[in-house]
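Here you go, sequence then predicted model.
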Amino acid sequence: MKSLFSKLDADYKQQVTPATRGETMAQVHDRAAFTLARIIDRLDKLGENGPKTILLSTHAATNIALGRALVGMYMMTLLCSCFILALF
């Protein structure tokens, strides 16, 4: 991945951990929206020096929830495979 993303932070630690006993669809959406808001807030504070692209590595259900949070449409149908490299 470092060859595709030269500024990849290999030491980055996830900010939010999912429930260990599973989640409802609403909880996945809430966690995704909360996490996305934290990421965007953190990057906005960097201003013009911040990255223009971010890499999100996650499972399909969470990736769908992240995409829905980005567009603000929580019932939007998104197709997502087991592995995807998505640029939003």
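Structure's in. What do you need? Residues are numbered from 1 along each chain as shown.

tell me which helix or strand of this protein sits lowest on mean pLDDT?
Among the helical and strand segments of the chain, the one scoring lowest on mean pLDDT, DSSP states H and E is helix 60-71, with a mean of 89.

hmm, who's touching stretch 65-80?
With contacts defined as CB atoms under 8 Å, 6 or more residues apart in numbering, stretch 65-80 is touched by 28-29, 31-33, 35-36, 56, 58, 60, 63-64, 86, 88. (C-beta placed from N, C-alpha, C; glycine too.)

Mind checking which of these are buried?
Neighbour-count burial (16 or more other CB atoms under 10 Å) applied to those gives 28, 29, 31, 32, 33, 35, 36, 56, 58, 63, 64.

in the least confident helix or strand of the chain, what's buried?
Buried residues in helix 60-71 (16+ other CB under 10 Å): 62, 63, 64, 65, 66, 67, 68, 69.

from these, which single one is nearest residue 21?
residue 62 (16.2 Å; CB to CB).

residue contacts, that closest one?
Per CB under 8 Å, 6+ apart, neighbours of residue 62: 18, 28, 31, 32.

With adjacent residues omitted, what lies nearest to the residue nearest to the spatial centre of the chain?
Centroid-nearest residue in the chain: residue 56, 4.8 Å away (criterion: CA atoms, centre = their mean). The shortest distance from residue 56 to any non-neighbouring residue, by CB to CB, 6 or more residues apart in numbering, is to residue 66 (6.3 Å).

And that neighbour, how far from residue 13?
In this structure, residue 66 and residue 13 are 18 Å apart, going by CB to CB, to the nearest Å.

Flag whichever of the buried ones among the contacts of stretch 65-80 scores worst on pLDDT.
Across those, the smallest pLDDT goes to residue 56, namely 81.

wait, it sits on residue 64?
No: if you go by CB atoms under 8 Å, residue 56 and residue 64 don't touch, sitting 11.8 Å apart.
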